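Undergrad: sequence and predicted model, in that order:
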Amino acid sequence: MSSIAFSAYAPSLAGSARSSKWGFAKVGLATILAAVLANVLVYFVGDAVVGYDPDFIVLSNVSGAIIFTLAAAVVAVPLYGALLRFTANPVRIFKVISAIVFVVTTVPDFTYIPGVEGASNGQTAVLVLMHVVAATVIIGMLTRLAVPRNC
(Lines give C-alpha, C1' and ligand atoms only; values in the text may rest on other atoms or scores of the structure.)
Protein backbone atom coordinates (compact mmCIF):
# COMPACT_ATOMS: atom_id res chain seq x y z
CA MET A 1 0.00 0.00 0.00
CA SER A 2 1.14 3.48 -0.73
CA SER A 3 1.57 6.02 2.00
CA ILE A 4 0.94 8.89 -0.42
CA ALA A 5 -2.43 10.48 0.07
CA PHE A 6 -4.12 12.25 -2.83
CA SER A 7 -6.23 15.28 -2.13
CA ALA A 8 -9.73 15.28 -3.51
CA TYR A 9 -9.29 19.03 -3.93
CA ALA A 10 -6.38 18.89 -6.40
CA PRO A 11 -7.60 20.64 -9.55
CA SER A 12 -7.39 18.90 -12.87
CA LEU A 13 -5.94 20.61 -15.92
CA ALA A 14 -9.38 21.01 -17.42
CA GLY A 15 -10.72 22.37 -14.14
CA SER A 16 -8.11 25.11 -13.91
CA ALA A 17 -9.43 27.00 -16.91
CA ARG A 18 -12.72 28.47 -17.93
CA SER A 19 -13.08 27.31 -21.54
CA SER A 20 -16.32 28.91 -22.68
CA LYS A 21 -18.59 25.89 -23.29
CA TRP A 22 -15.69 23.62 -24.24
CA GLY A 23 -13.23 21.69 -22.14
CA PHE A 24 -9.54 22.45 -22.52
CA ALA A 25 -8.92 19.32 -24.59
CA LYS A 26 -11.52 20.38 -27.15
CA VAL A 27 -10.10 23.91 -27.26
CA GLY A 28 -6.64 22.42 -27.82
CA LEU A 29 -7.79 20.12 -30.60
CA ALA A 30 -9.75 22.92 -32.26
CA THR A 31 -6.68 25.16 -32.04
CA ILE A 32 -4.45 22.57 -33.68
CA LEU A 33 -6.96 21.91 -36.44
CA ALA A 34 -7.62 25.62 -37.08
CA ALA A 35 -3.90 26.47 -37.26
CA VAL A 36 -3.20 23.65 -39.70
CA LEU A 37 -6.20 24.49 -41.90
CA ALA A 38 -5.32 28.19 -41.91
CA ASN A 39 -1.78 27.46 -43.08
CA VAL A 40 -3.01 25.03 -45.72
CA LEU A 41 -5.17 27.86 -47.04
CA VAL A 42 -2.17 30.24 -46.96
CA TYR A 43 -0.10 27.63 -48.81
CA PHE A 44 -2.58 27.34 -51.69
CA VAL A 45 -3.33 31.07 -51.90
CA GLY A 46 0.41 31.74 -51.83
CA ASP A 47 0.93 29.32 -54.70
CA ALA A 48 -1.79 31.06 -56.71
CA VAL A 49 -0.31 34.50 -56.04
CA VAL A 50 3.45 33.80 -56.06
CA GLY A 51 3.70 30.57 -58.05
CA TYR A 52 6.14 28.31 -56.22
CA ASP A 53 9.33 27.32 -57.99
CA PRO A 54 9.43 23.50 -58.29
CA ASP A 55 13.12 23.56 -57.31
CA PHE A 56 12.25 25.22 -53.99
CA ILE A 57 11.88 22.09 -51.85
CA VAL A 58 10.52 23.94 -48.81
CA LEU A 59 7.23 24.71 -50.57
CA SER A 60 7.27 21.79 -53.01
CA ASN A 61 4.07 20.40 -51.48
CA VAL A 62 1.62 21.20 -48.71
CA SER A 63 2.85 18.47 -46.36
CA GLY A 64 5.68 20.66 -45.06
CA ALA A 65 3.23 23.37 -44.03
CA ILE A 66 1.02 20.79 -42.35
CA ILE A 67 3.83 19.06 -40.46
CA PHE A 68 5.53 22.20 -39.17
CA THR A 69 2.26 23.86 -38.16
CA LEU A 70 1.10 20.67 -36.48
CA ALA A 71 4.37 20.38 -34.56
CA ALA A 72 4.16 23.97 -33.28
CA ALA A 73 0.52 23.66 -32.28
CA VAL A 74 0.99 20.27 -30.59
CA VAL A 75 3.74 21.78 -28.44
CA ALA A 76 1.85 25.03 -27.73
CA VAL A 77 -1.37 23.43 -26.45
CA PRO A 78 0.08 21.38 -23.56
CA LEU A 79 2.48 24.23 -22.76
CA TYR A 80 -0.44 26.62 -22.35
CA GLY A 81 -2.33 23.98 -20.37
CA ALA A 82 0.60 23.65 -17.99
CA LEU A 83 0.86 27.41 -17.65
CA LEU A 84 -2.86 27.57 -16.84
CA ARG A 85 -2.39 25.03 -14.11
CA PHE A 86 0.88 26.09 -12.56
CA THR A 87 1.33 29.85 -13.04
CA ALA A 88 -0.39 32.96 -11.75
CA ASN A 89 -0.41 34.79 -15.10
CA PRO A 90 -0.51 32.14 -17.85
CA VAL A 91 -1.71 34.39 -20.67
CA ARG A 92 1.14 36.88 -20.30
CA ILE A 93 3.76 34.15 -19.90
CA PHE A 94 2.41 32.25 -22.92
CA LYS A 95 2.47 35.39 -25.06
CA VAL A 96 6.07 36.15 -24.06
CA ILE A 97 7.17 32.57 -24.80
CA SER A 98 5.26 32.67 -28.09
CA ALA A 99 6.90 35.94 -29.13
CA ILE A 100 10.35 34.50 -28.45
CA VAL A 101 9.55 31.29 -30.34
CA PHE A 102 8.14 33.32 -33.24
CA VAL A 103 11.32 35.38 -33.57
CA VAL A 104 13.59 32.34 -33.28
CA THR A 105 11.63 30.32 -35.85
CA THR A 106 11.55 33.14 -38.39
CA VAL A 107 15.32 33.67 -38.28
CA PRO A 108 15.95 30.83 -40.81
CA ASP A 109 13.40 32.40 -43.17
CA PHE A 110 15.65 35.44 -43.44
CA THR A 111 19.06 33.78 -43.15
CA TYR A 112 18.92 30.25 -44.57
CA ILE A 113 15.94 30.24 -46.96
CA PRO A 114 17.22 32.94 -49.36
CA GLY A 115 20.19 30.70 -50.16
CA VAL A 116 18.10 27.61 -50.93
CA GLU A 117 17.83 26.64 -54.59
CA GLY A 118 14.72 28.11 -56.21
CA ALA A 119 14.02 30.56 -53.38
CA SER A 120 12.45 33.91 -54.14
CA ASN A 121 11.34 36.89 -52.07
CA GLY A 122 7.70 35.97 -52.70
CA GLN A 123 8.17 32.43 -51.42
CA THR A 124 10.04 33.74 -48.38
CA ALA A 125 7.15 36.12 -47.73
CA VAL A 126 4.71 33.19 -47.84
CA LEU A 127 6.82 31.29 -45.28
CA VAL A 128 6.87 34.31 -42.95
CA LEU A 129 3.13 34.75 -43.45
CA MET A 130 2.62 31.11 -42.44
CA HIS A 131 4.49 31.83 -39.19
CA VAL A 132 2.30 34.87 -38.57
CA VAL A 133 -0.91 32.94 -39.31
CA ALA A 134 0.04 29.98 -37.10
CA ALA A 135 1.03 32.26 -34.22
CA THR A 136 -2.12 34.35 -34.54
CA VAL A 137 -4.44 31.33 -34.59
CA ILE A 138 -2.67 29.42 -31.81
CA ILE A 139 -2.22 32.36 -29.43
CA GLY A 140 -5.61 33.84 -30.21
CA MET A 141 -7.64 30.67 -29.77
CA LEU A 142 -5.88 29.43 -26.66
CA THR A 143 -5.85 32.73 -24.79
CA ARG A 144 -9.46 33.57 -25.68
CA LEU A 145 -11.12 30.19 -25.37
CA ALA A 146 -9.18 28.79 -22.41
CA VAL A 147 -8.74 31.63 -19.96
CA PRO A 148 -7.71 31.33 -16.31
CA ARG A 149 -10.53 31.22 -13.76
CA ASN A 150 -9.38 34.45 -12.15
CA CYS A 151 -9.90 36.46 -15.38
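TA: Cool, the structure landed. Numbers count the residues shown, from 1 in each chain.
Undergrad: show me the contacts for F110.
TA: T124 (CB atoms under 8 Å, 6 or more residues apart in numbering). For the C-beta atoms, the positions are set from N, CA and C on the backbone; glycine is no exception.
Undergrad: where in this protein is the helix or strand with the lowest mean pLDDT?
TA: strand 17-18 (a mean of 50; mean pLDDT, DSSP states H and E).
Undergrad: so how far is the next helix or strand after it from its chain's centroid?
TA: Counting by DSSP states H and E, the next helix or strand C-terminal to strand 17-18 is helix 24-50. Distance, stretch centre to chain centre, for helix 24-50: 10 Å (CA atoms, centre = their mean, to the nearest Å).
Undergrad: now helix 24-50: buried residues?
TA: If you call a residue buried by 16 or more other CB atoms under 10 Å, then helix 24-50 has these buried ones: 24, 27-28, 31-32, 34-36, 38-39, 42-43, 46, 50.
Undergrad: check stretch 59-67 too.
TA: By neighbour count with 16+ other CB under 10 Å, stretch 59-67 contains the buried residues L59, G64, A65.
Undergrad: CSV please, covering these and showing secondary structure.
TA: Shown next, in CSV, are the buried residues of stretch 59-67 (DSSP: H, G, I helix; E, B strand; the rest coil):
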residue, secondary structure
L59, helix
G64, helix
A65, helix
